[in-house]
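A.B. asks: can't give you the sequence, but here's the structure:
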């Protein structure tokens, strides 16, 4: 008997809680779904912008490193040529 009363109490309490939740919900389901969709779109836009920013920075770094590599390569060629000339003269 006590177990039956306990189960009835839980069921009644659950129904009252669900009804109160529906009555006092700040937004309708449609509004909540719209807000979630809008937030997801904003998140995707920010992710795309960050991806573009990172891609641009990587391209800039790669170009700078390429320029440094070419400059060092040219200096090495000149040093090798100077070394060959010095070896020929010696």
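C.D. replies: Arrived safely. Please read these numbers as outputs of a predicted model, since none were measured by experiment.
A.B. asks: Okay, now the unreliable bits of the chain?
C.D. replies: Along the chain, the parts satisfying pLDDT under 70 run over 1-3.
A.B. asks: just the helices in it please.
C.D. replies: 2-24, 29-89 (DSSP state H).
A.B. asks: Output those in CSV, with mean neighbour count appended to each entry.
C.D. replies: Heads up, the C-betas are built off the backbone N, CA and C, glycines and all. Below are the helices of the chain laid out as CSV (neighbours: other C-beta atoms under 10 Å):
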stretch, mean neighbour count
helix 2-24, 9
helix 29-89, 10
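A.B. asks: Pick out the residue closest to the middle of the protein.
C.D. replies: Closest to where the C-alpha atoms of the chain average out (C-alpha atoms, centre = their mean) is residue 47, at 5.3 Å.
A.B. asks: So that one versus residue 71, what's the distance?
C.D. replies: 36 Å (C-beta to C-beta, to the nearest Å).
A.B. asks: Then residue 63?
C.D. replies: On the measure of C-beta to C-beta, residue 63 and residue 71 end up 13 Å apart.
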